[in-house]
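[1] Starting from these lines, generate the structure:
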Amino acid sequence: MTAHAKCARQLHELRVNAEEKLQGKKTAANWQSLAEVTMACLIIFNGKRGNEVAEMLLNDLNRAREEKHNRVEHEAPHYKKLNVSLE
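    Residues are numbered from 1 along each chain as shown. Now for the predicted structure:
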């Protein structure tokens, strides 16, 4: 089995596991796990642009974290209505 096939198989297993966890308990951590696996799949699928992530600056990461924090704070009341944990 090639390295690419092993990676694809492992990503598939991680995605299935993340989806199962999310089906069981809809928490922010479970959503984050699924998002990370999905991002990894997209980076591999779009291999010609995979190094775009490597070229990100620390400022880009910090800005994304701040935007996520602001979005969570803004959307928290909506999640409470849906009975979704933001932990």
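[2] okay, now residue 18: neighbour count?
    Other residues near residue 18 number 19, with proximity taken as other C-beta atoms under 10 Å. In this view, the C-beta of every residue, glycine as well, is placed from N, C-alpha and C.
[3] so it touches residue 30, yeah?
    Yes. If you go by C-beta atoms under 8 Å, residue 18 and residue 30 touch, sitting 6.9 Å apart.
[4] what packs against the helix or strand harbouring residue 17?
    Using DSSP states H and E, residue 17 falls within helix 3-24. Applying 3 or more C-beta pairs under 8 Å, 6 or more residues apart in numbering; DSSP states H and E, one finds that helix 3-24 contacts helix 28-45.
[5] how about the helix it packs on as CSV, C-alpha atoms only?
    Presented in CSV, the C-alpha positions along helix 28-45 are these (Å, rounded to 0.1, in the frame of the first residue of the first chain):
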residue,chain,number,x,y,z
ALA,A,28,-17.8,22.4,20.0
ALA,A,29,-14.8,20.0,20.5
ASN,A,30,-16.5,17.3,18.4
TRP,A,31,-17.3,19.9,15.7
GLN,A,32,-13.7,21.1,15.8
SER,A,33,-12.4,17.5,15.3
LEU,A,34,-14.6,17.1,12.2
ALA,A,35,-13.5,20.5,10.9
GLU,A,36,-9.8,19.6,11.3
VAL,A,37,-10.1,16.3,9.5
THR,A,38,-12.1,18.0,6.8
MET,A,39,-9.5,20.6,6.4
ALA,A,40,-6.7,18.0,6.1
CYS,A,41,-8.8,16.2,3.4
LEU,A,42,-9.1,19.4,1.5
ILE,A,43,-5.4,20.2,1.7
ILE,A,44,-4.5,16.7,0.5
PHE,A,45,-7.1,16.8,-2.3
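[6] what angle separates that helix from helix 3-24?
    Helix 28-45 and helix 3-24 meet at an angle of 160 degrees, taking axes from the mean of the first three to the mean of the last three C-alpha atoms, to 10 degrees as the criterion.
[7] So for helix 28-45, mean pLDDT?
    Averaging pLDDT along helix 28-45 yields 84.
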